[in-house]
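**Q** For reference, the sequence and a predicted model appear below.
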Amino acid sequence: MNKNYQFTLDKSGKKYHCPCCEKKRLVRYIDQHTRELLPEKYGRCDREINCAYHLNPYTDGYTSNQNHPFNNSSTTIEPMSIKPVAAPTLVHLPPEILSHTLKGYEYNRFIQYLLNKAPFPFEPSEVEALIALYRLGTIHKGAYKGALTIPFIDEHDWVRAIQVKNFDDQNKTTQTTFIHGIFFKELKKEGKDVPSWLLDYHKQDKKVTAFFGAHLLKEFPSNPIALVEAPKTALYASLYFGIPKSEHDLLWLAVYNLSSFNKEKCEVLQGRDVYVFADLSTDGRAFALWSKKVEQLEKVFPDTSFTMYDYLEQHADEVLDKDRENGADLADFLITQDWRLFRKKRREAPLDVLENEGEQKIGESEADEQEAQMQLMEEQMMQERIKEEEELALLMVGYGKLGGLFFTHPENNQNHFLNDLNTCLTEVFKEEVELHRDHIINRSAFLLGKPKDDTFWGMKTFSSGLKYGLLKNTKGLLFQFNPIAA
């Protein structure tokens, strides 16, 4: 039976300055009879780890105040009749809201960081698989353009909420909001009517009522679950350990925030093996809080195995080299490592990569280290080769434009340039450049903004640029060329 309290935390979403940490993160208490806020000191700070301020009017003796009308002896209070309250209908976001976000990855800051700026950049195919798996998207306009959209989709494929996060160049979060809030503000600003579904959605006390990644439970019905706090951590972990390919591989889910690890969400995990990773915190408070929650959940769901993983608690100082006050998580540890090492160890025992067995730690296996280094060297050589080809094409275009200004005599015909090109390619760069000739010519023509079938122009600028430009920068190996002379 629900209790009808006169004083409850305000559910409007408004935040006030906390009297303890002075951050604008305080949710104040409200009088349900008068709809007035209680004095500023009564409230709860949502910085549960770094502040944890909470002053309850019932435990503080606020109700004993004789000036309060509901505690005045001359006031007669009629008994409240308590009636069963029907469970509110769950309102979801329309699927087209999610569909609209599934593009624009070329300017998505989070995605581009993974591909180009991360300490160990990921393969495009890996990132594409991650996007498809968790249905990540992008905000396309406004103040949040380029931000990552993180959908919370339940096991029935209903979109419960879509979080929006902006990141800086170091992939640190700079802004956080929800897409329904952005949509609501846009409609108000444009003077348009707010649809009924959005009004009903706003009335819900809780929006994030499913795990991040819960829609994958049907696709991976028997996989062990790795549970973390933030979706960003789940994304990094999926990249490092790999997307599940067998029933033994970990499926990474996120609860959303510290207080969202609860019985209601965990009902979908019944019968699974669940590994729980709490974020670091001052004095290990987050770990202690989730450990207590795990004990309670094991009693409620006896067929579900919950295991608290304490690797971060044991090795925070030596691995992360950060204060616990910063709230470092598993992602902060992973991004310092080469993800290739993790892929080798995930097949038979997914979590052994985080174990400290004897004297061996992550990355210290000589064989694994050598193989990873060889693979890295091969990839670097391939990247250098591609870069050299691109630089060669750009150099051809640059000097080709200059050479083309002089190489315009009417008597010169296409055959002259074809022969000239082949001679230069054969004599100067021999077989190596010959292998890439078509690529370089097409690339040069593309950079000049010419149609691909306009081979004459591409070869003309290429051949003149090759002789005039490259031979001046290769110590004049075979030719002395005057671009003015035909």
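**A** Nice, thanks for sending it over. Given the structure is predicted, the values throughout are model-derived calculations rather than measurements.
**Q** in this structure, which spans are strands?
**A** Under the criterion DSSP state E, the chain contains strands at 7-9, 16-17, 24-31, 43-45, 54-55, 137-138, 148-153, 159-167, 173-178, 225-228, 251-254, 273-276, 305-308.
**Q** Now the third one - C-alpha only, CSV.
**A** What follows is strand 24-31, C-alpha atoms only, in CSV (Å, rounded to 0.1, in the frame of the first residue of the first chain):
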residue,chain,number,x,y,z
LYS,A,24,22.9,23.7,-8.0
ARG,A,25,22.0,20.1,-7.5
LEU,A,26,19.5,20.2,-4.5
VAL,A,27,16.0,18.8,-4.9
ARG,A,28,13.8,20.5,-2.3
TYR,A,29,10.9,19.2,-0.3
ILE,A,30,7.4,20.4,-1.1
ASP,A,31,4.1,20.5,0.9
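**Q** Not counting that strand itself, show me its contacts.
**A** Contact with strand 24-31 is made by 6-10, 14-19, 36-38, 40, 42-47, 51, 53, 56-57, as judged by C-beta atoms under 8 Å, 6 or more residues apart in numbering. Quick note: C-beta positions are derived from backbone N, CA and C, even for glycine.
**Q** ChimeraX command for the buried members of those?
**A** To isolate the buried ones among the contacts of strand 24-31 in ChimeraX, judged by 16 or more other C-beta atoms under 10 Å, type:
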select :6,7,10,15,16,18,37,38,42,43,44,45,46,47,51,53,57
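**Q** still on that earlier bit, can you add distance to residue 234 and mean pLDDT and give the strands of the chain back as TSV?
**A** Shown next, in TSV, are the strands of the chain (distance: least, C-beta to C-beta, whole Å; pLDDT from 0 to 100):
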stretch	distance to residue 234	mean pLDDT
strand 7-9	28	87
strand 16-17	32	84
strand 24-31	24	87
strand 43-45	26	87
strand 54-55	29	84
strand 137-138	16	97
strand 148-153	10	98
strand 159-167	12	96
strand 173-178	15	93
strand 225-228	5	96
strand 251-254	4	97
strand 273-276	12	96
strand 305-308	17	95
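**Q** TSV for the ones you listed, including distance to residue 296?
**A** Formatted as TSV, the strands of the chain follow (distance: least, C-beta to C-beta, whole Å):
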stretch	distance to residue 296
strand 7-9	22
strand 16-17	31
strand 24-31	24
strand 43-45	21
strand 54-55	20
strand 137-138	35
strand 148-153	23
strand 159-167	23
strand 173-178	29
strand 225-228	15
strand 251-254	19
strand 273-276	13
strand 305-308	10
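**Q** Residue 97: which of those strands is closest?
**A** Each of the strands of the chain was scored for nearness to residue 97 using C-beta to C-beta, and the closest is strand 159-167 (6.9 Å).
**Q** what's that closest one packed up against?
**A** For strand 159-167, the packing partners by 3 or more C-beta pairs under 8 Å, 6 or more residues apart in numbering; DSSP states H and E come out as helix 95-101, helix 109-112, strand 148-153, strand 173-178, helix 179-189.
**Q** Just checking: what are the partner strands of the fourth one?
**A** Strand 173-178 has its sheet partners listed here by DSSP bridges as strand 159-167 (antiparallel).
**Q** Any buried residues in the partner strand, and which?
**A** By neighbour count on 16+ other C-beta under 10 Å, the buried set for strand 159-167 is 159-167.
**Q** got it, and stretch 258-278?
**A** For stretch 258-278, the neighbour count (16+ other C-beta under 10 Å) marks 258, 260-261, 265-266, 268-269, 272, 274-278 as buried.
**Q** Please apply the same query to stretch 241-258.
**A** For stretch 241-258, a neighbour-count test (16+ other C-beta under 10 Å) marks 241-244, 249-256, 258 as buried.
**Q** out of these, who's nearest residue 91?
**A** Ranked by distance to residue 91 (C-beta to C-beta), the buried residues of stretch 241-258 are led by residue 256 at 17.8 Å.
**Q** What separation do you get for that closest one and residue 234?
**A** Note on residue 256: its distance to residue 234, by C-beta to C-beta, to the nearest Å, is 11 Å.
**Q** what is in contact with those two at once?
**A** Contacts common to residue 256 and residue 234, judged by C-beta under 8 Å, 6+ apart, are residue 212.
**Q** Residue 300 contacts residue 263, doesn't it?
**A** Yes. Using C-beta atoms under 8 Å, residue 300 makes contact with residue 263 at a distance of 5.8 Å.
**Q** need the contact list for residue 224.
**A** Contacts for residue 224 (C-beta under 8 Å, 6+ apart) come out as 248-251, 272-275, 350.
**Q** can I assume residue 54 is in contact with residue 45?
**A** Yes. Here residue 54 reaches residue 45: they are 7.0 Å apart, a contact under C-beta under 8 Å.
**Q** Tally up the residues packed near residue 152, please.
**A** 24 (other C-beta atoms under 10 Å).
**Q** same question, residue 110
**A** With other C-beta under 10 Å as criterion, residue 110 counts 22.
**Q** before we move on, what about residue 116?
**A** Neighbours of residue 116 (other C-beta under 10 Å): 9.
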